[in-house]
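Colleague: 3D model of this:
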Amino acid sequence: MTESVTQPSPWNLPNAITVARIALVPLFVWLVLHFGLGGAPAWWAVAVFVVAIATDGIDGAIARRRGLITNLGKILDPIADKALTGAGFILLAYYAFVPWWAVALILAREIGLTGYRLLVASRVVIAANRGGKLKTVLQAIVIPLMLSPAMQWGTWVQIFAQILFWITAVITLVTGAQYLVSAARSAK
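Modeller: Coordinates of the predicted model:
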């Protein structure tokens, strides 16, 4: 006789927070495109991004603490993260702060790895390692920094932001390669 594991209802607070994060993505993009990157209105876009990215840790903590981890949450959470950071990277390239080819590589890693994780989710959970968590933190810093009016504070801010972007890009790609190697080893 097989025991079935009962999951909590997908209608719960962590999933609602994740859905709210997804809903903030179009608002974030609209604010950046509508108000541009200068002046006080641009800070609203940065604030929306920071609030949205912060909810990633909040929904996960609540889900783990209250035993509210669901299959829906496992699917929606990475989609929400990639939609938000992907939109941010596309906006960085749109405003020519970073090259399109670098954004394409980052997005290929993010979408490819998320797709793979979702594909194998029924058999194995591929948890984020420390490098993946560092990547997420760096993305959460570099995107709002480069889209903020702070970029107008001087050349030093622009140089710092560019260095931080390239560090983030390298860590993003290296951790993606690490996941692929780890997945290949575990498939043997």
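Colleague: which residue is nearest the middle of the protein?
Modeller: Centroid-nearest residue in the chain, with Cα atoms, centre = their mean: Asp81, separated by 3.4 Å.
Colleague: which SSE is it in?
Modeller: In this assignment (DSSP states H and E), Asp81 forms part of helix 71-94.
Colleague: show me which residues of the following helix or strand past that helix are buried.
Modeller: The helix or strand immediately downstream of helix 71-94 is helix 100-120, counting by DSSP H and E. By 16 or more other Cβ atoms under 10 Å, the buried positions in helix 100-120 come out as 102-103, 106-107, 109-110, 113-114, 117. C-betas here are computed from N, CA, C, even on glycine.
Colleague: most residues in a single helix of the protein, which one?
Modeller: Ranked by residue count and defined by DSSP state H, the top helix of the chain is helix 155-187.
Colleague: now it and helix 71-94, what's the angle there?
Modeller: Between helix 155-187 and helix 71-94, the angle comes out at 140 degrees (axes from the mean of the first three to the mean of the last three Cα atoms, to 10 degrees).
Colleague: list the helices and strands helix 155-187 packs on?
Modeller: If contacts are counted by 3 or more Cβ pairs under 8 Å, 6 or more residues apart in numbering; DSSP states H and E, helix 155-187 sits against helix 100-120, helix 130-147.
Colleague: out of these, which comes closest to Ala184?
Modeller: helix 100-120 (11.1 Å; Cβ to Cβ).
Colleague: quick one: mean pLDDT for the closest one?
Modeller: For helix 100-120, mean pLDDT is 89.
Colleague: hang on, Val25 packs against Leu84?
Modeller: Yes. Contact between Val25 and Leu84 holds when scored by Cβ atoms under 8 Å: they sit 5.4 Å apart.
Colleague: who has more neighbours, those two?
Modeller: Leu84 (25 against 20; other Cβ atoms under 10 Å).
Colleague: verify the contact between the more buried one and Ala54 for me.
Modeller: No. Contact criterion Cβ under 8 Å: Leu84 and Ala54 do not qualify, at 10.8 Å.
Colleague: give me the common contacts of Val25 and Leu84.
Modeller: Listed contacts common to Val25 and Leu84 are Ala52; contacts here mean Cβ atoms under 8 Å, 6 or more residues apart in numbering.
Colleague: what sits up against stretch 101-115?
Modeller: For stretch 101-115, the external contacting residues (Cβ under 8 Å, 6+ apart) are 78-79, 82, 85-86, 89-90, 92-93, 165, 169, 172-173, 176, 179-180.
Colleague: again, only using 10 Å
Modeller: 75, 77-79, 81-82, 85-86, 88-94, 97-99, 126, 132, 135, 139, 165-166, 168-170, 172-177, 179-180, 183 (Cβ atoms under 10 Å, 6 or more residues apart in numbering).
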